[in-house]
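Enquirer: fold the following, please.
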Amino acid sequence: MENTWDVIVIGGGAAGLGAALMLGRARRRTLVVDAGSPRNRFAAHMHGVLGHEGTDPAELLERGRREVAGYGVQVRPGTVERVDATDRDVRLTLTGGDVVTARAVVVATGITDELPDVPGLAERWGSQVLHCPYCHGWEVRDRRLGVLTTSPMSLHQAELVRQWSDTVTVFTSALGAVDTHTRQRLQARGLQLVDSPPVAVTDGEDGALAVRTEDGDVVHLDAIFTAGTPRTHDGFLAHLGLERTDSPVGSVLAVDPAGRTSHPRIWAAGNVVTPMGNVPMSLSAGSTTGAFVNAVLVGEDFDQALIRTDPAAFWEDRYAGSGRVWSGEPNATLVDVVAGLTPGRALDLGCGEGGDAIWLARHGWDATGIDISPTAVARATE
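Expert: Numbers count the residues shown, from 1 in each chain. A predicted model of the protein is given here:
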C-alpha cells in the first residue's frame, strides 16, 4: 500500500464513495479508508433512492466499490486514529500504526444513532424500530404505528408519521409535561398520547410489537418510530480545533456549501455534517465535495507549475512552505575538501539556511552566504 495520495477519503459509505467516484474520474490518486460500518447497515432495503428503490444498501456499496475501483481508486479496510494537517498536506495515523499522507482529506465517517435505553428497542432497529417515515413509512402504511419521543423535535416526527397512518400512538414521557396547545394539536388529527414511559419492547402476536409502559399498560403496535441521538464520528479531528456549528440535533463540523471545513485541506460530507440526510442527499454531498476538492487541487497544480518556471519563486516556496529544511549537518563533501586547506575567504552561492557557511566560519573562514530565498537567508541569519 502506497503512503502518499492526492486525496484520502475517510469512510466508504454513500458520501465517501460518491466523493471517491468523482475524484477517480478526475484522475486523482485516491484512497478510501473504510471502517465497514455504514449507518444504514441495519436496514434490508433503501427507499426514496431514485433508480435503486428497494435495493439492499449493502448491494449499493458493493456496486460503488467496484465502480470506483474501475477508475483506480483503492479501498482499504481500517479506521483513522488521528489526523494532523499543515498548510501543505494532511497526515493520517491509522489503527495499527500505519501512516498515510495526502494533499487533501474528505471526512465521510457518518454517525451512530444512540437509541433510547429501552430493552428490546435496539434489537429491532432497522426492522420494526424505524427513524425516517420517508424511508420506511410506505412499508408500514395504514398500520398501528408508534412514536417514541426523545426531544421536542419528536413532535415533528409524530406529525409526519400521521401522514402514513391514522392509528398513531405517541409516547410523550421524554417531553415532560405536554402543554395544552400541543396536546390538542396532536389529538386533533387522532393521535393517541401515552404519558407513562416505555420500559420494554417485546414481541406481540402475529409479528407485532408489545410496548410495556411504567404504569403496567401494554400498547400493541406494528412498528415504532424514534429519533436516536446522533453521535458524529469525528473524534480523530478534535485536537485540530476545527470550527463547529450547532445543528438541530447537536454539534457538527462547520463546512461551506462545497464541504470545506475551517482547515483548507480538510473537507467533510454526508451524515457527519448533516445527520438528518438520507442516501440521495449523502451521495449528492459526496459528489459535490469530490468535484470541489479536485478543482482546488487543479488550481494548486497550475500555481506550482508557474512557480517552477520562476527560480526565485520556486525556492522561496520551498523554504517558506515548510519548517527548517537543513539537517543540522554540513555537506560531507565540503568538509572533506576544506579539511586540507588553510582558512581564508569563502563564498557560498545558494547557501540555503546557511549550514555550510556557518560551519566554515566556525573553522576560521571569512565566509559569506548568498541565497535567492529571503526565508532561507533569514533563517541562516538567525
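Enquirer: could you use CA atoms for every contact and neighbour count after this?
Expert: OK.
Enquirer: in this protein, which residue is closest to the centre?
Expert: Taking Cα atoms, centre = their mean as the criterion, Val107 is the residue nearest the geometric centre of the chain, at 2.5 Å.
Enquirer: ok, Cys132 touching Gly228?
Expert: No - assessed by Cα atoms under 8 Å, Cys132 is found out of contact with Gly228, at 10.8 Å.
Enquirer: centre of the chain to the helix-or-strand element of the chain with minimal mean pLDDT, how far?
Expert: The helix or strand of the chain with the lowest confidence, counting by mean pLDDT, DSSP states H and E, is helix 311-320 at a mean of 86. Offset of helix 311-320 from its chain centre (Cα atoms, centre = their mean, to the nearest Å): 34 Å.
Enquirer: contacts for it, please.
Expert: Helix 311-320 has contacts (Cα atoms under 8 Å, 6 or more residues apart in numbering) with 307-308, 325, 372-376.
Enquirer: how about the helices in this protein?
Expert: In the chain, the helices defined using DSSP state H lie at 14-25, 57-69, 133-136, 154-161, 180-188, 279-308, 311-320, 332-338, 355-362, 374-381.
Enquirer: so which of those gets nearest Leu347?
Expert: Of all the helices of the chain, helix 355-362 sits nearest to Leu347, with 7.9 Å by Cα to Cα.
Enquirer: with just CA atoms, put the closest one into PDB.
Expert: The C-alpha coordinates for helix 355-362 follow below in PDB (Å, rounded to 0.1, in the frame of the first residue of the first chain):
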ATOM      1  CA  GLY A 355      24.600  25.300   7.300                       C
ATOM      2  CA  ASP A 356      27.900  25.200   5.300                       C
ATOM      3  CA  ALA A 357      28.700  28.900   5.600                       C
ATOM      4  CA  ILE A 358      28.300  28.700   9.400                       C
ATOM      5  CA  TRP A 359      30.500  25.600   9.600                       C
ATOM      6  CA  LEU A 360      33.200  27.400   7.600                       C
ATOM      7  CA  ALA A 361      33.000  30.400   9.900                       C
ATOM      8  CA  ARG A 362      33.400  28.200  12.900                       C
END
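Enquirer: most packed of the helices of the chain?
Expert: Compared across these, helix 14-25 shows the largest average neighbour count, a mean of 28 (mean count of other Cα atoms under 10 Å).
Enquirer: what packs against that helix?
Expert: Judged by 3 or more Cα pairs under 8 Å, 6 or more residues apart in numbering; DSSP states H and E, the packing partners of helix 14-25 are strand 4-10, strand 30-34, helix 57-69, strand 99-107, helix 279-308.
Enquirer: next, the angle from the second one to strand 4-10.
Expert: Orientation of strand 30-34 against strand 4-10 (axes from the mean of the first three to the mean of the last three Cα atoms, to 10 degrees) gives an angle of 30 degrees.
Enquirer: from the chain's centroid, how far away is strand 30-34?
Expert: With Cα atoms, centre = their mean, you get 12 Å for strand 30-34.
Enquirer: burial count for Ser373?
Expert: Residues near Ser373, counting by other Cα atoms under 10 Å, number 22.
Enquirer: for the residue nearest to Ala15 when sequence neighbours are not counted, report the pLDDT, please.
Expert: Spatially, and ignoring its direct neighbours in sequence, Ala15 is nearest to Gly286 (4.2 Å; Cα to Cα, 6 or more residues apart in numbering). Gly286 is assigned 98 on the pLDDT scale.
Enquirer: and Gly286, what does it touch?
Expert: 14-19, 108, 269-270 are the contacts of Gly286 under Cα under 8 Å, 6+ apart.
Enquirer: just the closest of these to Asn294, please.
Expert: Of the contacts of Gly286, the one sitting nearest to Asn294 (Cα to Cα) turns out to be Ala19, at 9.9 Å.
Enquirer: gap between the two ends of stretch 160-173?
Expert: End-to-end distance of stretch 160-173 (Cα to Cα, to the nearest Å): 19 Å.
Enquirer: my bad, stretch 254-269
Expert: The first residue of stretch 254-269 is 11 Å away from its last residue (Cα to Cα).
Enquirer: hmm, Pro280 and Asn271 touching each other?
Expert: No - counting by Cα under 8 Å, Asn271 stays clear of Pro280, with 11.4 Å between them.
Enquirer: between the helices of the chain, which gets the lowest average pLDDT?
Expert: helix 311-320 (a mean of 86).
Enquirer: can you pull the alpha-carbon coordinates of that one into CSV?
Expert: The C-alpha atoms that make up helix 311-320 are tabulated as CSV, following Å, rounded to 0.1, in the frame of the first residue of the first chain:
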residue,chain,number,x,y,z
PRO,A,311,13.5,30.0,-9.7
ALA,A,312,13.2,32.7,-7.1
ALA,A,313,9.5,31.9,-6.5
PHE,A,314,10.3,28.1,-6.5
TRP,A,315,13.0,28.3,-3.8
GLU,A,316,11.1,30.8,-1.7
ASP,A,317,8.1,28.4,-1.8
ARG,A,318,10.4,25.5,-0.9
TYR,A,319,11.6,27.2,2.2
ALA,A,320,8.6,29.3,3.3
